[in-house]
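Asker: dropping the sequence and predicted coords here.
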Amino acid sequence: MSKQTEMGPMSALRTANRERGFSMLELAFVVMMILIVSAMAYFQFQPALQSARSDAAMREVLDQLRQAREYSIVNRRYVQVTFPSSSSGLPEVQLTEMNSLTTTETAGSNVVLSTVTLESPVVYTVISTMPDTPDGYGKAHAIEFEGANGVPTAGMLFQSDGELVDGASYQPINGTVFLGVAGNAVSARAVSVMGATGRVRGWRSNGNTWTEF
């Protein structure tokens with residue numbers, strides 16, 4: 001019998017093994033490893049993702065407030081700033097041109113200029129471990145103007161000289177909007193407004209202190 005004939009069964013077995021491919025156990029192990037690595041990458045990426053979303057939300061609030069001031073100056077109109085919630089409960093910032101400031105205003109006389117919805121999971125929130133911003137306008141509430149929880153009862157307005165004023169007294173008011181991902185100090189952001197000048201500043205947290213954005 002030739003050597004080629006003697007090796008025939010062995011060669012056939014090796015060929016069969018190569019054609020058989022991976023076993024179910026091997027495939028399950030590979031899939032499990034992929035899932036583990038993916039999960040690790042996801043959890044490591046989450047803080048960076050939350051921080052990026054907080055930056056985006058802070059920019060939106062910052063830009064809206066600055067646009068409100070600029071629009072008020074250029075068009076010589078009062079512009080009201082509010083912080084409502086969308087129909088799905090997401091936080092918003094809304095600008096309204098106030099063409100009537102009386103309680104008997106004509107229906108439709110005021111015009112909504114813009115409504116911006118913040119991206120989940122960013123909300124208006126105070127991170128308890130973070131101090132007040134260097135402006136020092138208070139941090140008892142997520143939205144705080146002149147010590148009130150939220151905006152003043154009569155609302156707040158940018159007026160044509162650039163000041164941010166109380167809708168009742170028309171006196172300048174200071175305040176801060178705090179936002180971020182609840183419980184995540186690194187995601188904390190803030191936007192402060194000095195009423196007398198209308199200056200709007202953004203603040204970014206490193207988990208312990210604030211730096212101006």
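Answerer: Here it is on my side, so go on. These figures come from a predicted structure and were not determined experimentally.
Asker: quick one: the helices in this protein?
Answerer: All helices of the chain, identified by DSSP state H, fall at 3-6, 8-20, 24-75.
Asker: what bits of this structure have low per-residue confidence?
Answerer: Within the chain, the stretches falling below the threshold (pLDDT under 70) are 1-22, 26, 29-30, 35-48, 101-108.
Asker: tell me which residue is most central in it.
Answerer: residue 57 (3.2 Å; CA atoms, centre = their mean).
Asker: now do the same contact list for it.
Answerer: Residues in contact with residue 57 (CB atoms under 8 Å, 6 or more residues apart in numbering) are 118, 119, 122, 179, 189. C-betas here are computed from N, CA, C, even on glycine.
Asker: go on, residue 201?
Answerer: Counting by CB under 8 Å, 6+ apart, residue 201 has contacts 135, 191, 192, 193, 212, 213.
Asker: now render those residues as a markdown table, adding neighbour count and distance to residue 159.
Answerer: Shown next, in a markdown table, are the contacts of residue 201 (neighbours: other CB atoms under 10 Å; distance: CB to CB, whole Å):
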| residue | neighbour count | distance to residue 159 |
| --- | --- | --- |
| 135 | 18 | 21 |
| 191 | 27 | 19 |
| 192 | 26 | 19 |
| 193 | 28 | 13 |
| 212 | 11 | 25 |
| 213 | 14 | 25 |
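Asker: among those residues, which are located in strands?
Answerer: Members of the contacts of residue 201 lying in strands (criterion: DSSP state E): 191, 192, 193, 212.
Asker: as JSON lines, these with distance to residue 81 would be great.
Answerer: Below are the ones in strands among the contacts of residue 201 laid out as JSON lines (distance: CB to CB, whole Å):
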{"residue": "191", "distance to residue 81": "11"}
{"residue": "192", "distance to residue 81": "13"}
{"residue": "193", "distance to residue 81": "9"}
{"residue": "212", "distance to residue 81": "21"}
